[in-house]
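J.: Got a sequence here, can you build the structure:
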Amino acid sequence: MPERSKSSSVSSLPLILDIDDFKGDFSFDALFGNLVNELLPSFQEEDADSADGHGIGGTDALPNGHVRASSDATKFARGLSSPLFPEVDALLLLFKDSCKELIDLRKQIDGRLYNLKKEVSTQDAKHRKTLTELEKGVDGLFDSFARLDSRISSVGQTAAKIGDHLQSADAQRETASQTIELIKYLMEFNGSPGDLMELSPLFSDDSRVAEAASIAQKLRSFAEEDIARAVPSVVGSATASRGLEVAVANLQEYCNELENRLLARFDAASQRRELSTMSECAKILSQFNRGTSAMQHYVATCPMFIDVEIMNSDTRLVLGDQGSQASPSNVARGLSSLYKEITDTVRKEAATIMAVFPSPNDVMSILVQRVLEQRVTALLDKLLVKPSLVNPPTMEEGGLLLYLRMLAVAYEKTQELARELRAVGCGDLDVEGLTESLFSAHKDEYPEHEQASLRQLYQAKLEELRAESQISESSGTIGRSKGASVASSHQQISVAVVTEFVRWNEEAISRCTLFSSQPAILAANVKAVFTCLLDQVSQYITDGLERARDSLTEAAALRERFVIGTSVSRRVAAAAASAAEAAAAAGESSFRSFMVAVQRCGSSVAIVQQYFANSISRLLLPVDGAHAASCEEMATAMSSAEGAAYKGLQQCIETVMAEVERLLSAEQKATDYRSPDDGMAPDHRPTTACTRVVAYLSRVLEAAFTALEGLNKQAFLAELGNRLHKGLLNHWQKFTFNPSGGLRLKRDITEYGEFVRSFNAPSVDEKFELLGILANVFIVAPESLSTLFEGTPSIRKDAQRFIQLREDYKSAKLASRLSSLWSSSS
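T.: Numbering: from 1, shown residues only. Coordinates of the predicted model:
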């Protein structure tokens with residue numbers, strides 16, 4: 001907006017506002033400033049001052065940009081009559097003009113906007129019309145393109161058909177040309193049989209032998225197919241067939257001659273290691289029976305199949321020098337070396353085969369099969385000679401075990417060879433199945449040989465133990481008393497022997513696992529082998545227990561032999577007593593021996609059970625019922641040993657009780673329980689007989705405490721305690737008791753009771769406690785006897801017999817005095 005001069009009047013120069021003032025970045029403050037600058041010349045200066053603060057000195061800045069002085073200064077400068085804001089009228093006039101011009105400008109703008117809207121509407125209608133025409137044109141263009149594409153596709157299909165026809169025609173032409181050529185060659189072969197002298201140079205040129213082989217094969221195929229299609233009833237066909245038969249015969253002869261010529265060239269190149277020539281010949285020979293003759297010829301000419309020295313070297317490497325017996329460890333080392341050599345040889349041949357033959361996998365299959373069927377089989381036939389089960393080799397010759405160990409070593413090493421050959425490459429050959437077939441004859445009868453071997457080992461061990469026992473007996477009888485030699489003359493059970501049985505069985509089970517791949521077959525073989533162990537252990541420990549029982553029986557016979565009557569001389573009685581002591585020593589020795597046998601029997605059974613749990617059960621679990629059946633067999637096998645042990649323990653009790661009765665009979669004096677009333681203090685010590693019996697029981701039962709365990713120990717000691725209780729009751733029935741003797745008896749009962757308490761048998765302890773109460777019948781006065789049984793009526797029956805043993809039974813007339821008590825108790 002152009003500025004007005006300060007001297008001009010506002011009303012004489014109307015304000016002009018331009019539309020351009022409102023374009024761009026519009027600022028109302030700038031527009032207002034431009035309007036009032038002429039009327040308020042100090043506006044800009046004071047406005048700048050107001051930006052610095054609130055004025056200088058006592059002045060204040062007004063909101064419109066002017067500076068207002070203080071009231072005192074204003075009155076002094078202008079006087080009281082001058083106007084406060086003289087420019088206000090000019091500003092009002094200016095604002096009114098500005099409003100009019102702004103209204104005019106708005107009208108102008110509205111007019112322009114109306115014209116623009118009208119023009120835009122017109123242009124939009126034209127644009128829409130143009131777009132509609134363009135869409136119609138595009139649709140037409142798309143239709144044209146579609147027709148063109150369809151035409152192009154049709155032309156392309158026609159061209160393809162023409163190309164196919166041309167290609168077919170060319171192929172037919174080529175086929176016809178080749179057929180003409182083949183017919184020409186076929187006519188050459190259709191001469192007289194065996195006449196191959198007039199053939200084309202193609203069939204005699206060594207440089208074109210590949211082409212000749214291909215054509216010859218085509219001619220053979222054509223002629224053979226024609227003969228197959230010929231109808232014998234048609235004369236012309238029959239004639240043609242006869243002619244083609246001549247051609248086929250000549251072609252076969254030529255192919256054979258060509259194949260032999262190529263094989264000869266292949267051999268010559270093979271000797272010179274000319275792999276390119278070998279490859280060329282092999283490629284041509286692949287047209288004859290897919291090259292089978294070349295493959296087989298190459299494999300057959302390998303040195304390891306035709307060199308006799310190599311075969312002999314294999315035998316020496318594995319079996320050692322002729323006449324020496326090879327051991328399984330040496331054979332294992334020999335087989336490892338030999339099979340490594342074979343693998344290296346096959347690996348070298350594989351490199352040549354890959355470079356020469358067009359079908360190397362087929363050649364490798366033939367090569368590996370030949371290795372296993374010829375070289376390995378020849379060695380196994382010499383190594384594994386199946387022994388007879390009727391007349392097996394003796395243990396000095398190694399027995400059946402040597403054959404089984406050799407079989408296991410050979411099988412394991414040959415399986416390793418098969419895996420190595422599979423890694424080298426053997427085509428489609430089932431090398432694992434072929435390896436299994438090499439051992440099929442041995443594996444079919446393996447279970448019988450394994451069981452026979454275990455039986456042979458068992459018999460050999462028994463003979464060895466029997467020989468050792470005889471040597472021990474012959475060297476040990478000198479200077480030994482007859483009684484002492486009874487128990488030691490029999491061979492004891494050895495846990496080491498049973499451990500050896502288990503070791504044999506464990507080795508046999510490892511072979512079962514090696515030879516049996518199917519779980520069912522493995523379980524059956526394992527069960528049969530484990531049954532052998534059960535039979536061996538059962539028989540061995542049962543025989544050992546029976547031998548120990550024989551010692552007890554012999555000791556009992558010795559005791560019966562030296563039983564004498566009462567009316568004998570002192571010398572005879574002394575000799576008998578001495579012999580009885582020897583018999584007692586034999587009985588004690590046999591008792592200890594049997595307890596040792598029982599202990600070792602238990603240890604042996606535990607070893608077998610542990611072996612079953614650790615090694616056998618996991619092999620039987622995959623087959624239903626196999627595990628339970630073996631557990632039942634194990635229980636059945638051990639039942640015979642349990643029976644022998646039970647009988648022997650009964651004999652042990654008889655032996656102990658016999659010695660207890662002998663000691664009581666020899667050591668117990670009548671005065672022990674009927675001491676004279678001499679005024680001396682009573683003896684409160686146990687009797688000599690009691691002391692001897694307890695000492696004997698303590699000594700002899702030490703072996704029982706060590707040998708027996710669990711329920712067996714509990715049952716044995718309970719039975720022995722009951723027998724001891726009964727024996728003591730019968731023994732005391734032979735004596736008469738006075739009060740001091742009753743006290744002595746009670747002391748003996750206490751001693752016996754303290755000893756049997758170590759049995760841990762409550763029923764036995766109770767019986768001996770009742771015996772202590774029963775002994776009171778000899779101590780109390782006659783008038784107090786009736787009060788003894790008020791709390792324990794169960795001992796009245798034994799008390800009735802004991803009371804009769806009182807010294808004063810008759811003098812005190814106890815029978816009539818206690819008759820009322822017995823009648824009331826009954």
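J.: From here on, just use CA atoms for contacts and neighbour counts.
T.: Will do.
J.: What mean pLDDT does the host helix or strand of Lys461 get?
T.: If you go by DSSP states H and E, Lys461 is part of helix 446-476. The average pLDDT within helix 446-476 is 87.
J.: Can you name every helix or strand that that helix contacts?
T.: helix 399-424, helix 495-515, helix 519-561 (3 or more CA pairs under 8 Å, 6 or more residues apart in numbering; DSSP states H and E).
J.: could I get those helices as JSON lines with mean neighbour count and distance to Gln172?
T.: Below are the helices and strands packed on helix 446-476 laid out as JSON lines (neighbours: other CA atoms under 10 Å; distance: least, CA to CA, whole Å):
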{"stretch": "helix 399-424", "mean neighbour count": "19", "distance to Gln172": "47"}
{"stretch": "helix 495-515", "mean neighbour count": "18", "distance to Gln172": "63"}
{"stretch": "helix 519-561", "mean neighbour count": "21", "distance to Gln172": "64"}
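J.: right, and these - which one's nearest Val660?
T.: helix 519-561 (12.6 Å; CA to CA).
J.: The helix or strand that the closest one is followed by: how far from the chain's middle?
T.: Downstream of helix 519-561, the next assigned helix or strand under DSSP H and E is helix 570-611. Relative to the centre of its chain, helix 570-611 is centred 49 Å away, using CA atoms, centre = their mean, to the nearest Å.
J.: Tell me what angle helix 570-611 forms with helix 519-561.
T.: If you take axes from the mean of the first three to the mean of the last three CA atoms, to 10 degrees, helix 570-611 sits at 170 degrees to helix 519-561.
J.: Quick one: list the elements packing against the next helix-or-strand element following helix 570-611.
T.: Next along the chain after helix 570-611, taking DSSP H and E as the criterion, comes helix 617-620. Judged by 3+ CA pairs under 8 Å, 6+ apart, the packing partners of helix 617-620 are helix 519-561, helix 626-667.
J.: Looking at these, which is nearest to Val498?
T.: Here helix 519-561 is closest among those (CA to CA), at 6.5 Å.
J.: what about Gln271, neighbour count?
T.: Gln271 has 8 neighbours, counted by other CA atoms under 10 Å.
J.: element containing it?
T.: Gln271 is part of helix 235-272 when elements are defined by DSSP H and E.
J.: what is the mean pLDDT for that helix?
T.: 66.
J.: next one: stretch 368-381
T.: Averaged over stretch 368-381, pLDDT sits at 91.
J.: Equivalent analysis for stretch 710-728, please.
T.: 93.
J.: So which bits of it are buried?
T.: The neighbour-count check on stretch 710-728 (16 or more other CA atoms under 10 Å) flags 713-714, 716-725, 727-728 as buried.
J.: How about residues contacting that stretch?
T.: 649, 653, 657, 661, 704-705, 756, 759-761, 763-764, 767-768 (CA atoms under 8 Å, 6 or more residues apart in numbering).
J.: Among those, the buried ones, what's the PyMOL command?
T.: Burial among the contacts of stretch 710-728 is assessed by 16+ other CA under 10 Å; the matching PyMOL selection reads:
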select buried, resi 649+653+657+661+704+756+759+761+764+767+768
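J.: about what we covered before: is it possible to get TSV of the helices and strands packed on helix 446-476 that adds distance to Asp124 and mean pLDDT?
T.: Shown next, in TSV, are the helices and strands packed on helix 446-476 (distance: least, CA to CA, whole Å; pLDDT from 0 to 100):
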stretch	distance to Asp124	mean pLDDT
helix 399-424	84	93
helix 495-515	97	95
helix 519-561	92	91
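J.: got TSV for these, with distance to Gly742 too?
T.: TSV is the format used below for the helices and strands packed on helix 446-476 (distance: least, CA to CA, whole Å):
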stretch	distance to Gly742
helix 399-424	72
helix 495-515	51
helix 519-561	32
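J.: now for these, which one comes closest to Pro393?
T.: The nearest among those, by CA to CA, is helix 399-424 at 4.8 Å.
J.: Give me the angle between that closest one and helix 495-515.
T.: 40 degrees.
J.: quick one on the thing from earlier: so can I have TSV of the helices and strands packed on helix 617-620 showing distance to Arg151?
T.: Shown next, in TSV, are the helices and strands packed on helix 617-620 (distance: least, CA to CA, whole Å):
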stretch	distance to Arg151
helix 519-561	73
helix 626-667	82
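J.: Quick one: closest of those to Ala580.
T.: Ala580 lies closest, by CA to CA, to one member of the helices and strands packed on helix 617-620: helix 519-561, at 6.2 Å.
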